[in-house]
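K.L.:
sharing a model prediction with you, sequence too.
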Amino acid sequence: MPIEYLPNINVGSKIKLEQEKKNQFNLEKLSSFLNEQLAIKADYYNKIYGQDWLDEKARLRIPETQPDKESDQLLIDIQEQTWAQESGKSVEQWRQDKEKSPASLTEAALTLMLQRVLPDNFIVVRSSVYDDYNNGVDQLIIDRESGAVICGIDEVIDRQDNVGPSKKEEKIRQKMMRGGAKVKYGARVEGKKLVLDSLKNIPAFYLSLSPKELEILAENLQENEVSVYERDLLKRLHSSLSEQLASYSHLDLNQDLKIKLEDFFKSLEKWL
């Protein structure tokens, strides 16, 4: 019996529609898994330091005692309303779509992977929504031994080729020339105490992950034990960060930033 299609819908369109539905399901499934793991991670670090400093997505919160909390939250709301309007969506739909975008999924997956494979003295968290939108910082890596934020990972990049520097890479280089990254809502460790404070002159680096690598990483993150793939990926990321670190040595940088780059170099040696 031949397959019948609705009027005005050809076979190619139907196949494309079915593929889009399948892709949407996979994104929903991946997003749900990552959010579940991020919530577990956030709860773990909140309990360790006795502070509700991370939200359910493992992002730094704006502290209740912060005098700018109301105005900063208002700015976030206005920004999201503007971006949603520009895309012809409701704010809620815009937020949902953003959460399932390749960039957001990659950011979440890398946050979880780095925490799994790095030594226990490192904390890997996502920046606050405010700092994501207004300071261009996606993640923070905190060295519990030195107590400093050693790396602000800015602009997760999907590189399809290795020909020449991308616009985002150039953007990060320019940020370094201006003194490095900054966050209004940051964190550092002093002894065994967590201190929430603004940070500046943070070394800014990028990480590259292709859609296929994200897919494989997501599968591996669902296993209880760290996989060979995750360790190999860490080696590649380590190599990329080392190359970026070497390229920064030729720049005329802020003195405080130079010191933090030296701290980062020492910490990077402990990654593998």
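P.N.:
That came through fine. Just so it is clear, the model here is predicted, and its values are computed rather than measured.
K.L.:
separation between the nearest residue to Lys98 once chain neighbours are set aside and Arg95?
P.N.:
Nearest residue to Lys98, sequence neighbours excluded (Cβ to Cβ, 6 or more residues apart in numbering): Ser104, at 5.9 Å. (Each C-beta comes from the backbone N, C-alpha and C, glycine too.) Noted for Ser104: a distance of 10 Å to Arg95, by Cβ to Cβ, to the nearest Å.
K.L.:
cool, and Asp138?
P.N.:
Taken as Cβ to Cβ, the span from Asp138 to Arg95 is 17 Å.
K.L.:
which one's more surrounded, those two?
P.N.:
Between Asp138 and Arg95, counted using other Cβ atoms under 10 Å, the more crowded position is Asp138 (24 against 14).
K.L.:
that one reaches Ile153, doesn't it?
P.N.:
Yes: in this structure Asp138 lies within contact range of Ile153 using Cβ atoms under 8 Å: 5.7 Å.
K.L.:
any idea which helix or strand carries the residue nearest to Lys98?
P.N.:
Element membership for Ser104 (DSSP states H and E) is helix 102-117.
K.L.:
show me what that helix is packed up against.
P.N.:
helix 11-49, strand 122-126, strand 139-143, helix 211-221, helix 228-248 (3 or more Cβ pairs under 8 Å, 6 or more residues apart in numbering; DSSP states H and E).
K.L.:
for that helix, buried residues please.
P.N.:
Within helix 102-117, the residues that count as buried by 16 or more other Cβ atoms under 10 Å are 104-117.
K.L.:
restrict it to CA atoms and write it as CSV.
P.N.:
Taking C-alpha atoms only, helix 102-117 is exported to CSV below (Å, rounded to 0.1, in the frame of the first residue of the first chain):
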residue,chain,number,x,y,z
PRO,A,102,24.7,24.4,20.8
ALA,A,103,26.7,27.1,22.6
SER,A,104,24.8,26.7,25.9
LEU,A,105,24.8,22.9,25.7
THR,A,106,28.6,22.9,25.1
GLU,A,107,29.1,25.3,28.0
ALA,A,108,27.2,23.0,30.3
ALA,A,109,28.9,19.9,29.1
LEU,A,110,32.4,21.3,29.4
THR,A,111,31.6,22.6,32.9
LEU,A,112,30.6,19.0,34.0
MET,A,113,33.5,17.3,32.1
LEU,A,114,36.2,19.6,33.5
GLN,A,115,34.9,19.1,37.0
ARG,A,116,35.0,15.3,36.5
VAL,A,117,38.5,15.1,35.1
